[in-house]
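Colleague: Sequence first, then the predicted structure, then my questions.
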Amino acid sequence: GEDVEQSLFLSVREGDSSVINCTYTDSSSTYLYWYKQEPGAGLQLLTYIFSNMDMKQDQRLTVLLNKKDKHLSLRIADTQTGDSAIYFCAERTGGSYIPTFGRGTSLIVHP
Amino acid sequence: SQTIHQWPATLVQPVGSPLSLECTVEGTSNPNLYWYRQAAGRGLQLLFYSVGIGQISSEVPQNLSASRPQDRQFILSSKKLLLSDSGFYLCAWSDYTANYGYTFGSGTRLTVV
């Protein structure tokens, strides 16, 4: 079955860039997403990328997709303390409504 | 604009009691609706999804059931709660393509005691 892997923790200094990585196993993944979850809250969609794209930029966020290696990354420029949260990678194929989520990467931003 | 409402925000229930969690979506029609549970280990487990009124797909056999009595209403129920039902329950919706992602509600923290 499909699998999505993420490292569990990432610690960065305020003002640095954060890079959160994700790998997936399903080569037919067509839609990939990044979500942010703050404590006690639901998941917030940050951005998405389609498999026919290599990169997508949205303000401080840059998503890179390497389809050959089945690797997705989320770069947050100028990381702020408000960016501290859990970040989830998710993917799905075109034939299903159902995404597969990773277990989330806890981003800790310290002064 | 579309909004999703989920309630209650927190719930403490004794073992063996019934459960009803409600989720409604506004500003769209014929959404796909989803119930997830997030345990302490952070992983998201899909419980049920629905692509239309009365159409429920169950992903995991368990002590829970779901219903969709109206187009934009999704209800998660249990007749008798177990301790293992404790967790953070999230409702979500997408359009029928789901291409542009899923919008989640704010979640219900359920503690079964």
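Modeller: That came in fine, so what should we check first?
Colleague: Which stretches in chain A count as strands?
Modeller: A:4-6, A:9-13, A:18-24, A:29-37, A:43-50, A:55-58, A:61-66, A:71-76, A:85-93, A:100-101, A:105-110 (DSSP state E).
Colleague: Dump those to TSV, plus mean pLDDT, mean neighbour count and distance to chain B.
Modeller: Using the backbone N, CA and C atoms, a C-beta is placed for each residue, glycine as well. Output for these, formatted as TSV (pLDDT from 0 to 100; neighbours: other C-beta atoms under 10 Å in any protein chain shown; distance: least, C-beta to the nearest C-beta, whole Å):
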stretch	mean pLDDT	mean neighbour count	distance to chain B
strand A:4-6	94	19	10
strand A:9-13	97	13	11
strand A:18-24	97	19	14
strand A:29-37	93	22	5
strand A:43-50	95	18	4
strand A:55-58	95	12	13
strand A:61-66	97	17	13
strand A:71-76	97	20	14
strand A:85-93	94	23	7
strand A:100-101	92	22	4
strand A:105-110	96	17	8
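Colleague: Spell out which parts of chain B neighbour chain A.
Modeller: Counting by C-beta under 8 Å from any C-beta of the partner chain, chain B comes close to chain A at B:6, B:32, B:41-44, B:46, B:49, B:51, B:59, B:90, B:92, B:94, B:98-107, B:109.
Colleague: Next, count neighbours for the residue in chain B that chain A sits nearest to.
Modeller: Of all residues in chain B, residue B:104 sits closest to chain A, at 3.8 Å by C-beta to the nearest C-beta. Number of residues near residue B:104 (other C-beta atoms under 10 Å in any protein chain shown) recorded here: 22.
Colleague: Thought residue B:92 was touching it, still the case?
Modeller: Yes: assessed by C-beta atoms under 8 Å, residue B:104 is found in contact with residue B:92 at 4.6 Å.
Colleague: any common contacting residues for these two?
Modeller: Shared contacts of residue B:104 and residue B:92 (C-beta atoms under 8 Å, 6 or more residues apart in numbering or on different chains): A:42-43, B:4, B:36.
Colleague: Those residues: which two are farthest apart?
Modeller: B:4 and B:36 (12.7 Å; C-beta to C-beta).
Colleague: who's in contact with the residue of chain B closest to chain A?
Modeller: The contact partners of residue B:104, by C-beta under 8 Å, 6+ apart, come to A:35, A:42-44, B:4, B:36, B:90-92.
Colleague: low-scoring pLDDT stretches of chain B, where are they?
Modeller: By pLDDT under 70, the low-scoring segments of chain B are B:41, B:61.
Colleague: gap between the residue most central in space within it and residue B:44?
Modeller: For chain B, the residue nearest the mean C-alpha position is residue B:35 (3.1 Å; C-alpha atoms, centre = their mean). Relative to residue B:44, residue B:35 is positioned 11 Å away (C-beta to C-beta, to the nearest Å).
Colleague: and for these two, which residues touch both?
Modeller: residue B:90.
Colleague: residue contacts, residue A:29?
Modeller: Counting by C-beta under 8 Å, 6+ apart, residue A:29 touches A:2, A:51, A:70, A:91-93.
Colleague: would a markdown table of those with distance to residue A:105 be doable?
Modeller: As requested, the contacts of residue A:29 are exported to a markdown table (distance: C-beta to C-beta, whole Å):
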| residue | distance to residue A:105 |
| --- | --- |
| A:2 | 18 |
| A:51 | 22 |
| A:70 | 17 |
| A:91 | 15 |
| A:92 | 19 |
| A:93 | 23 |
